[in-house]
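# sequence below, structure please.
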Amino acid sequence: TGFLGGGEILARKFGFIVLYANIISPTRGKYIVDISPISENPITTDPYYITEQFARRLEQNIQSQPEIWLWTHNRWKWSRPQPNLI
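As a prediction, the model looks like this:
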């Protein structure tokens with residue numbers, strides 16, 4: 001799926017450290033937040049590195065505990081309509 005790159009653009013422009021917050025729910029109503037760096041010096045990273053790392057970590061989090069993610073959209077519910085070739 002697509003990701004917005006504004007966070008990476010701002011981090012690279014201003015030299016902000018980029019952190020990722022992983023939220024784990026060991027039991028109902030209890031949460032643990034693990035904050036880890038994606039890039040401590042974003043100016044020196046390759047283009048799209050920060051966005052790609054964010055997407056990979058998010059994917060790992062969703063796969064490890066899909067039940068804690070709120071799905072309020074139908075982004076993947078329908079496939080694209082196929083063109084009529086007749």
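# state the pLDDT value of the residue positioned nearest the centre of the chain.
Residue closest to the mean C-alpha point of the chain, counted by Cα atoms, centre = their mean, is residue 55 at 3.7 Å. According to the prediction, residue 55 has pLDDT 91.
# which non-adjacent residue is nearest it?
Excluding the flanking residues, the one nearest residue 55 by Cβ to Cβ, 6 or more residues apart in numbering is residue 3, at 5.6 Å. Heads up, the C-betas are built off the backbone N, CA and C, glycines and all.
# the one you found: how many residues sit nearby?
Residue 3 has 13 neighbouring residues, counting by other Cβ atoms under 10 Å.
# what residues of stretch 5-13 count as buried?
7, 8, 11, 12 (16 or more other Cβ atoms under 10 Å).
# pull the residues that contact it.
Stretch 5-13 is contacted by residues 16, 17, 18, 39, 42, 43, 45, 48, 49, 50, 51, 54 when judged by Cβ atoms under 8 Å, 6 or more residues apart in numbering.
# I'd like those residues written out as a markdown table, with secondary structure added.
Listed next are these as a markdown table, based on DSSP: H, G, I helix; E, B strand; the rest coil:
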| residue | secondary structure |
| --- | --- |
| 16 | coil |
| 17 | coil |
| 18 | strand |
| 39 | strand |
| 42 | helix |
| 43 | helix |
| 45 | coil |
| 48 | coil |
| 49 | helix |
| 50 | helix |
| 51 | helix |
| 54 | helix |
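# separate out the buried members of those residues.
18, 39, 42, 45, 49, 50, 51, 54.
# out of those, flag the one nearest to residue 28.
Minimum distance to residue 28 across those is 27.2 Å, recorded for residue 54 (Cβ to Cβ).
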